[in-house]
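Engineer: What follows is a predicted structure for the sequence shown.
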Amino acid sequence: MDSVLIRYHEIALKKGNRAYFTEMLKRNIVAAVKDLGAKEIRSLPARLVLTFRDKIDPETLTERISSVFGIANFSLVQRTGRDIEQLRSQILAGLNGARFASFRIDTQRGDKSFPLNSPEINRQLGAAVQQKTGARVDLDNPEFTVYVEILPKDTYFGFNKLPGAGGLPVGTSGRLLSLISGGFDSPVAAYRMMQRGCRVIFVHFHSAPYQDKTSQDKVRDLVKRLTRHQFQSRLYMVPFGEIQRQIVAAVARPLRVVLYRRMMLRIGERIARREKARALVTGDGDPTGKPFGVWMAARHHAGEVEDDVGPFRHGLRGDARLVEIGGAGLDVIGEAGRPRRRDHVDQGELLDRFAAERAVGHQPFGQLAADHAGGAGDENVHAFPRPLRCHARP
């Protein structure tokens with residue numbers, strides 16, 4: 001197969017700005033396959049056709065296309081002439097000994113000047129396939145489907161449909177900053193925001209030199225996996241061990257984790273403003289079992305850029321499998337037992353106790369956050385061996 005027929009559905013619901021979403025989807029598709037020798041990508045009603053100069057390994061092509069958000073489903077197709085006899089012979093050759101009990105022919109005649117209408121094409125091609133394979137025709141629940149697209153200049157055929165990643169093209173909904181850990185809540189939150197069209201920048205807080213680099217290596221691997229969906233990412237690695245040490249020295253144990261989170265949000269806010277990100281993405285919330293009242297208090301001063309993905313525990317592990325991640329914890333030094341929960345301390349008491357922030361490191365809380373945000377090391381992560389520049393046509 002030398003082409004891919006790509007179908008989308010949510011983009012088709014857009015009206016005045018549909019062209020913007022379609023062009024962004026084109027750019028992302030070409031970015032995903034640029035090193036495979038893409039020739040062109042063309043728009044058709046509610047679908048796109050991506051053509052290659054040479055035949056491409058089906059497994060590689062399927063993996064690349066299925067990672068692009070904004071695609072409902074797609075088919076690997078072969079371009080052929082507009083003659084019905086040539087189309088019949090190419091389809092029979094493409095079956096290549098495939099075995100199936102039932103099948104159907106699905107023809108979309110985009111060019112109404114073609115001499116045969118869709119039912120006539122289905123009957124002629126179906127008779128040929130039935131004679132070659134002996135399979136029965138089943139229009140409702142076929143085991144195997146042959147798709148045919150009749151266009152003004154070309155005809156395409158392919159077998160079966162492969163599921164796409166769905167959602168909206170990455171880049172259509174602005175930038176977000178993800179506070180990512182080595183677990184699966186925060187990577188799935190980032191994945192779901194990408195699926196809604198957001199470009200995500202990542203920040204990870206590590207406890208080096210007080211802990212080893214396990215969490216850093218884990219997060220680099222997670223970001224690399226997530227980068228398959230947006231093709232290039234930036235990862236900030238924030239050294240958080242010294243902040244934790246100062247909090248441990250200045251604050252009673254029950255509130256330390258809350259202060260850790262407030263510091264992370266403050267630092268994340270600084271980085272978000274630098275990157276012009278519109279919100280923070282976290283994997284925390286009451287449905288995940290976190291102390292929601294305490295967490296809301298910790299978020300109190302995060303500012304207008306702060307947001308989270310909301311309740312998403314339902315189906316979270318399914319999305320974690322899509323991202324190919326497993327669970328791992330955060331590095332927390334000097335902690336044992338449970339942090340304060342909602343039933344032990346109310347929000348007002350927490351906000352009063354946050355005056356202890358100014359005792360941390362004997363400097364204003366905001367300045368300490370700014371110093372660590374400025375010192376965060378950033379890394380560029382690419383989905384493929386070399387950076388890819390996204391264009392609608394290569």
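Structural biologist: Looks like it arrived, so ask away. Numbering: from 1, shown residues only.
Engineer: CA only for contacts and neighbour counts going forward, please
Structural biologist: OK.
Engineer: what about stretch 159-175, start to end distance?
Structural biologist: In stretch 159-175, first residue to last residue: 37 Å (C-alpha to C-alpha, to the nearest Å).
Engineer: Excluding its own residues, what touches that stretch? List them.
Structural biologist: 8, 10-11, 21, 24-25, 28, 65-77, 144-147, 194-201, 229-230, 276-279 (C-alpha atoms under 8 Å, 6 or more residues apart in numbering).
Engineer: before we move on, what about stretch 46-61?
Structural biologist: Counting by C-alpha under 8 Å, 6+ apart, 1-9, 12, 33, 36-43, 76 sit against stretch 46-61.
Engineer: do that again at 7 Å, thanks
Structural biologist: 1-8, 12, 37-43 (C-alpha atoms under 7 Å, 6 or more residues apart in numbering).
Engineer: for the protein, where's the lowest mean pLDDT among helices and strands?
Structural biologist: When each helix and strand of the chain is scored by mean pLDDT, DSSP states H and E, helix 292-298 comes last, with a mean of 41.
Engineer: could you pull out the strands for this structure?
Structural biologist: Shown for the chain, the strands assigned by DSSP state E span residues 3-7, 38-44, 47-52, 73-80, 102-109, 136-137, 144-150, 155-159, 162-163, 175-179, 199-206, 232-239, 280-281, 377-382.
Engineer: Turn the ones you listed into JSON lines, columns for distance to Ile267.
Structural biologist: Output for the strands of the chain, formatted as JSON lines (distance: least, C-alpha to C-alpha, whole Å):
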{"stretch": "strand 3-7", "distance to Ile267": "41"}
{"stretch": "strand 38-44", "distance to Ile267": "41"}
{"stretch": "strand 47-52", "distance to Ile267": "42"}
{"stretch": "strand 73-80", "distance to Ile267": "40"}
{"stretch": "strand 102-109", "distance to Ile267": "54"}
{"stretch": "strand 136-137", "distance to Ile267": "62"}
{"stretch": "strand 144-150", "distance to Ile267": "52"}
{"stretch": "strand 155-159", "distance to Ile267": "51"}
{"stretch": "strand 162-163", "distance to Ile267": "39"}
{"stretch": "strand 175-179", "distance to Ile267": "10"}
{"stretch": "strand 199-206", "distance to Ile267": "9"}
{"stretch": "strand 232-239", "distance to Ile267": "9"}
{"stretch": "strand 280-281", "distance to Ile267": "11"}
{"stretch": "strand 377-382", "distance to Ile267": "13"}
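Engineer: Which one, of those strands, ends up nearest to Lys218?
Structural biologist: strand 199-206 (10.5 Å; C-alpha to C-alpha).
Engineer: domain ranges for the chain?
Structural biologist: The record's domain parsing of the chain by automatic domain parsing lists 3-163, 175-382.
Engineer: Apart from its neighbours in sequence, what residue is nearest Ser66?
Structural biologist: Computed as C-alpha to C-alpha, 6 or more residues apart in numbering, the closest residue to Ser66 that is not its neighbour in sequence is Gly164, at 4.8 Å.
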